[in-house]
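Asks: When you get a sec, could you give me coordinates for this:
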Amino acid sequence: MKRVLAILMLSLVSLSGCGEAKVAVPVPTPNAKDAAICQRLSPTLPEKVADQSKRKVSEAPDLTSAWGDPPISLRCGVVKPAALEPTSSLITVNGIDWFAEELSAGWRFTSMNTFVFVEVTVPNDYSPEANALVDLSESLKKFVTLAATN
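Replies: Here you go, the predicted model:
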């Protein structure tokens, strides 16, 4: 009986630590002005992207966000993409221009017509990956308007 009770207690202790794990998203290092602009984006972000629910991030929630598993991640205040050239093609989704880069397991999209660069990484699990941008475009448009007025 003591053994069964001990096993039950261990099980309860193990379960008490359960919960959705926070997502580790690499944190960008914007300057103070860009970080202040990024703080305005976070409250405008949708609860769902590509039908995936928003998840908690392990750090810097004003600069990073995530949805789903595997996570679709967003980073605000990133540097200009190294591969971006004056002749690079952009895709426009609901008024937001994006520079797309194919990765080994998905795509990285970086906004071009926002006050700071916003990067969205979408795993191949959510093909077509650019559909995630549709869900984010309204927030980005609000973000651009907010940043312009402040």
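Asks: Which parts of the protein are helices?
Replies: For the chain, the helices defined by DSSP state H occupy 2-16, 32-41, 131-149.
Asks: Give the buried residues for the shortest one.
Replies: Of the residues in helix 32-41, those scored as buried under the neighbour-count criterion (16 or more other Cβ atoms under 10 Å) are Asp34, Ala35, Ile37, Cys38, Arg40, Leu41. Heads up, the C-betas are built off the backbone N, CA and C, glycines and all.
Asks: For this structure, give me the ranges with low pLDDT.
Replies: Within the chain, the ranges that satisfy pLDDT under 70 run 1-19, 144-150.
Asks: those strands in the chain, which residues are they?
Replies: Assigned by DSSP state E, the strands in the chain fall at 48-49, 52-55, 64-67, 72-78, 91-93, 96-103, 106-111, 117-123.
Asks: The ones you listed: which one's closest to Glu85?
Replies: The closest of the strands of the chain to Glu85 is strand 96-103. By Cβ to Cβ, the value is 9.6 Å.
Asks: Export that closest one to PDB, keeping only CA atoms.
Replies: C-alpha atoms of strand 96-103 as PDB (Å, rounded to 0.1, in the frame of the first residue of the first chain):
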ATOM      1  CA  ILE A  96       2.400  44.400 -46.600                       C
ATOM      2  CA  ASP A  97       5.500  43.700 -48.700                       C
ATOM      3  CA  TRP A  98       7.500  40.700 -47.800                       C
ATOM      4  CA  PHE A  99      11.000  39.400 -48.800                       C
ATOM      5  CA  ALA A 100      10.800  35.600 -48.800                       C
ATOM      6  CA  GLU A 101      13.800  33.200 -48.200                       C
ATOM      7  CA  GLU A 102      13.500  29.500 -48.400                       C
ATOM      8  CA  LEU A 103      15.000  27.600 -45.500                       C
END
